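Engineer: A structural model of the following input is requested.
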Amino acid sequence: MPDAAWWDFDDVLIEDRRDHRTLLVSHHRRGGHGSIPAIWRSPASTGSVWTSRPDEAVWTCDHDRTSYVRGVEHLRDHMRDGDAYVANYSLRMTVTSPTTPLELFLRLARSNPAPFAGYVNGGDWQIVSSSPERFLRCRDGHVVTEPIKGTRPRGADPARDRRNRTELERSGKDHGELLMVTDLERNDLSRVCIPGTLTTPAFAEIHSFAHVHHLISTVEADLSPRHMVEDAIEAMSPGGSITGAPKLRVMQLIDRYERSARGAYTGSLGYVGFGGDCDLNILIRSATHAGPSDMGGEYIIGAGGGITIESDPDAEYDEAMQKAEALLDALGCDTKGRWHD
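Structural biologist: Predicted structure coming up:
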């Protein structure tokens with residue numbers, strides 16, 4: 001896969017499933033709309049059949065519990081020495097599945113809907129994302145980022161679900177982790193925004209998704225007249241929630257202790273409009289596929305979480321695996337109680 005890919009679209013077909021409207025946006029630069037009927041009748045519009053079975057997919061991981069816990073302990077040693085405050089530490093899974101990338105996306109849309117989901121077909125590679133996290137939005141010069149830190153699984157019954165949610169609400173470790181990342185995002189945005197416009201209208205709000213509860217903050221500001229949306233993207237990249245603080249040092253520690261390159265995982269997917277507006281996600285809860293889009297094959301999945309000096313290493317491993325479970329299940333893996341311990 002390339003390190004980055006951008007496409008310049010002349011025609012954009014937008015299907016709004018909430019308001020039951022379809023909109024065609026055309027810039028009329030290249031002429032002709034012969035492809036529009038074909039797009040309308042494509043599998044992405046008509047749906048797809050879920051075909052793979054749980055016994056058809058196999059998966060491996062570059063960590064087991066012991067090695068992941070050892071990595072967490074190394075990071076905590078750096079924190080005791082004052083080298084870092086919070087670090088995002090992740091593992092990588094390789095899945096071989098007959099499921100096609102589009103089947104995976106449609107399956108996740110039903111079983112694990114997310115506000116910043118997406119599917120990209122790059123020809124000989126694809127990205128499937130069920131991301132709950134916004135990296136950066138810009139509207140008329142007003143920029144917003146919404147970092148996530150703190151996770152608990154959804155409970156099997158309402159009582160257990162409420163207990164998990166309450167535990168997250170009361171967790172000093174998770175609030176402290178999000179506070180450090182929120183402050184980092186405020187600092188990054190301040191480099192390109194008008195002084196005095198930077199605000200944090202929401203801190204550590206609980207958001208519940210199909211498989212997990214999260215703590216989410218909102219940081220926003222007005223872009224300086226001297227800067228464009230590209231400057232905001234540069235100032236914010238890579239996202240603080242998936243690196244840590246201080247950002248540069250933590251990136252060096254990630255490179256040292258993670259066992260596999262992240263690839264597209266924790267990158268970003270979204271759009272930048274001709275007028276300077278944008279909306280970009282953080283590529284978590286995401287899988288990359290190499291090969292033709294109409295075939296299954298090998299998928300790479302990343303998962304991890306924020307490590308602080310207060311982290312319980314075993315709990316951090318459990319959290320990483322819980323975040324990957326929806327993707328593994330959608331690919332046809334049998335994960336019920338069979339993590340790589």
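Engineer: in the protein, which helix or strand is least confident?
Structural biologist: The helix or strand with the lowest mean pLDDT-type score in the chain, counting by mean pLDDT, DSSP states H and E, is helix 43-46 (a mean of 53).
Engineer: I figured residue 121 hits residue 100, correct?
Structural biologist: No. At 10.5 Å, residue 121 and residue 100 do not qualify as touching, with contact defined as Cβ atoms under 8 Å. Bear in mind the C-beta positions are built from the backbone N, C-alpha and C, glycine included.
Engineer: looking at these two, which is more packed in?
Structural biologist: Applying other Cβ atoms under 10 Å to residue 121 and residue 100 shows that residue 100 carries more neighbours, namely 23 against 17.
Engineer: the helices in the stretch 1-150 of the chain, which residues?
Structural biologist: Ranges of helices in the stretch 1-150 of the chain, per DSSP state H, counting those that start in this stretch, are 35-40, 43-46, 65-80, 101-111.
Engineer: what's the longest one packed up against?
Structural biologist: Under the contact criterion of 3 or more Cβ pairs under 8 Å, 6 or more residues apart in numbering; DSSP states H and E, the helices and strands touching helix 65-80 comprise strand 86-97, helix 247-257, strand 297-307, helix 313-330.
Engineer: what helix or strand does residue 204 sit in?
Structural biologist: Assigned by DSSP states H and E, residue 204 belongs to strand 199-208.
Engineer: same check on residue 159?
Structural biologist: Assigned by DSSP H and E, residue 159 falls in helix 158-169.
Engineer: report the angle between the axes of that helix and strand 199-208?
Structural biologist: Following axes from the mean of the first three to the mean of the last three Cα atoms, to 10 degrees, one obtains 150 degrees for the angle between helix 158-169 and strand 199-208.
Engineer: residues of helix 158-169 that come out buried?
Structural biologist: Neighbour-count burial for helix 158-169, counted by 16 or more other Cβ atoms under 10 Å, picks out 161, 164, 165, 168, 169.
Engineer: same check, this time on stretch 309-325
Structural biologist: 311, 313, 316, 317, 318, 319, 320, 321, 322, 323, 324, 325.
Engineer: mind checking how far stretch 167-177 is from the chain centre?
Structural biologist: The offset between the C-alpha centroid of stretch 167-177 and the centroid of the whole chain comes to 21 Å, using Cα atoms, centre = their mean, to the nearest Å.
Engineer: what comes up buried for it?
Structural biologist: Across stretch 167-177, burial judged by 16+ other Cβ under 10 Å covers 168, 169, 171, 173, 174, 175, 176, 177.
Engineer: the residue nearest the centre of the chain and residue 310, how far apart?
Structural biologist: In the chain, the residue lying closest to the centroid (Cα atoms, centre = their mean) is residue 284, at 2.3 Å. Using Cβ to Cβ, to the nearest Å, one gets 22 Å for the distance from residue 284 to residue 310.
Engineer: again, but for residue 208
Structural biologist: Plainly put, residue 208 is 24 Å away from residue 310 if you go by Cβ to Cβ.
Engineer: equivalent analysis for residue 271, please.
Structural biologist: 38 Å.
Engineer: do residue 335 as well
Structural biologist: Distance of residue 335 to residue 310, given as Cβ to Cβ: 28 Å.
Engineer: with residue 129 instead?
Structural biologist: Using Cβ to Cβ, we find residue 129 at a distance of 30 Å from residue 310.
Engineer: list the buried residues for stretch 78-97?
Structural biologist: Within stretch 78-97, the residues scored as buried using 16+ other Cβ under 10 Å are 78-79, 84-93, 95-97.
Engineer: and it, how far from the chain's centre?
Structural biologist: Averaged C-alpha coordinates place stretch 78-97 at 15 Å from its chain's average position (Cα atoms, centre = their mean).
Engineer: export that stretch to PDB, keeping only CA atoms.
Structural biologist: C-alpha atoms of stretch 78-97 as PDB (Å, rounded to 0.1, in the frame of the first residue of the first chain):
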ATOM      1  CA  HIS A  78       9.800   5.100  30.800                       C
ATOM      2  CA  MET A  79       7.000   6.900  32.500                       C
ATOM      3  CA  ARG A  80       8.500   6.300  35.900                       C
ATOM      4  CA  ASP A  81      11.700   8.000  34.500                       C
ATOM      5  CA  GLY A  82       9.600  10.900  33.300                       C
ATOM      6  CA  ASP A  83      10.200  10.000  29.600                       C
ATOM      7  CA  ALA A  84       6.500   9.900  28.700                       C
ATOM      8  CA  TYR A  85       3.000  10.500  30.300                       C
ATOM      9  CA  VAL A  86       0.700   8.500  28.000                       C
ATOM     10  CA  ALA A  87       1.500   6.200  25.100                       C
ATOM     11  CA  ASN A  88      -0.700   4.300  22.700                       C
ATOM     12  CA  TYR A  89       0.600   0.800  22.400                       C
ATOM     13  CA  SER A  90      -0.800  -1.600  19.800                       C
ATOM     14  CA  LEU A  91      -0.600  -5.100  18.300                       C
ATOM     15  CA  ARG A  92      -1.200  -6.400  14.800                       C
ATOM     16  CA  MET A  93      -3.300  -9.300  13.600                       C
ATOM     17  CA  THR A  94      -3.200 -11.100  10.300                       C
ATOM     18  CA  VAL A  95      -6.500 -12.800   9.200                       C
ATOM     19  CA  THR A  96      -7.000 -15.100   6.200                       C
ATOM     20  CA  SER A  97     -10.700 -15.100   5.300                       C
END
